[in-house]
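>>> dropping a prediction and its sequence here:
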Amino acid sequence: MVPITLTVNGTRHQIEVEPRWLLADVLREQLGLTGTHLGCEQGVCGACTVLLDGRPARSCLTFAVTVDGSDIVTVEGLAIDEQLSPIQEAFRTDHALQCGFCTPGFLITAAHFLQQNPNPSREEIRVALSGNLCRCTGYQYIVNAVERAANGMRAEESNP
């Protein structure tokens with residue numbers, strides 16, 4: 001076992017992990033953050049996406065020992081004071097999910113994307129989300145939700 005320290009969703013955790021354990025497994029099994037989903041376990045589907053030191057990362061491909069000292073945000077960390085974040089609210093409003101399995105990865109990816117590009121075109125949204133797969137929808141509602149979140153976030157900034 002190897003001791004590591006992680007800050008996950010603003011809470012510092014000192015835990016011991018086996019060198020072979022993946023970050024996704026540590027988040028789910030040791031920290032109880034089951035919003036991070038394991039889909040393909042090959043880094044293709046994006047369901048396991050988390051923010052690792054502010055950048056999207058596939059937690060199914062990341063060994064936990066390699067992120068000692070890192071700051072991680074999971075889908076559970078997107079909510080603000082137990083209220084849905086703008087992107088979460090937009091996904092709810094626009095019915096941008098079906099079974100919900102892929103949703104955490106889309107939410108994390110979209111949240112990061114909107115931080116980088118607060119006024120995206122629909123094509124830019126599609127490109128930003130292209131690394132995430134959904135087997136239930138045609139992606140239209142997901143793109144609509146990201147566009148709604150971007151518009152809402154800009155409106156909030158102009159009317160504090």
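Looks like it came in fine. Numbers count the residues shown, from 1 in each chain.

>>> C-alpha from now on. contacts and neighbour counts both.
Fine.

>>> and the helices in this protein?
Per DSSP state H, the chain carries helices over the ranges 23-25, 86-93, 103-116, 122-129, 140-158.

>>> go through the fourth one and flag the buried ones.
So the one you mean is helix 122-129. 125-126, 128-129 (16 or more other CA atoms under 10 Å).

>>> hang on, isn't residue 24 packed against residue 57?
No: with contacts counted by CA atoms under 8 Å, residue 24 stays clear of residue 57, the gap being 10.5 Å.

>>> neighbour count: those two, which is higher?
Ranked by neighbour count (other CA atoms under 10 Å), residue 24 and residue 57 place residue 24 first, with 26 against 20.

>>> tell me the pLDDT of that one.
Here, the pLDDT recorded for residue 24 equals 97.

>>> let me see the contact set for it.
Residues in contact with residue 24 (CA atoms under 8 Å, 6 or more residues apart in numbering) are 36-38, 48, 59-60, 62.

>>> let's see 7 Å
The contact partners of residue 24, taken as CA atoms under 7 Å, 6 or more residues apart in numbering, are 36, 48, 59-60.

>>> any chance of the helices of the chain in JSON lines, plus distance to residue 15?
Converted to JSON lines, the helices of the chain look like this (distance: least, CA to CA, whole Å):
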{"stretch": "helix 23-25", "distance to residue 15": "12"}
{"stretch": "helix 86-93", "distance to residue 15": "30"}
{"stretch": "helix 103-116", "distance to residue 15": "24"}
{"stretch": "helix 122-129", "distance to residue 15": "32"}
{"stretch": "helix 140-158", "distance to residue 15": "35"}
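
>>> compare those and report which one is nearest to residue 74.
Distances from residue 74 to each of the helices of the chain were compared by CA to CA, and the smallest falls on helix 103-116, at 7.3 Å.

>>> could you say what helices and strands that closest one packs with?
If contacts are counted by 3 or more CA pairs under 7 Å, 6 or more residues apart in numbering; DSSP states H and E, helix 103-116 sits against strand 49-52, helix 86-93, helix 122-129.

>>> would a markdown table of those with mean pLDDT and distance to residue 106 be doable?
As requested, the helices and strands packed on helix 103-116 are arranged in a markdown table below (pLDDT from 0 to 100; distance: least, CA to CA, whole Å):
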| stretch | mean pLDDT | distance to residue 106 |
| --- | --- | --- |
| strand 49-52 | 98 | 8 |
| helix 86-93 | 95 | 10 |
| helix 122-129 | 97 | 7 |
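
>>> which one of these lies closest to residue 69?
Distance to residue 69, taken as CA to CA, is lowest for strand 49-52 among those, at 10.6 Å.
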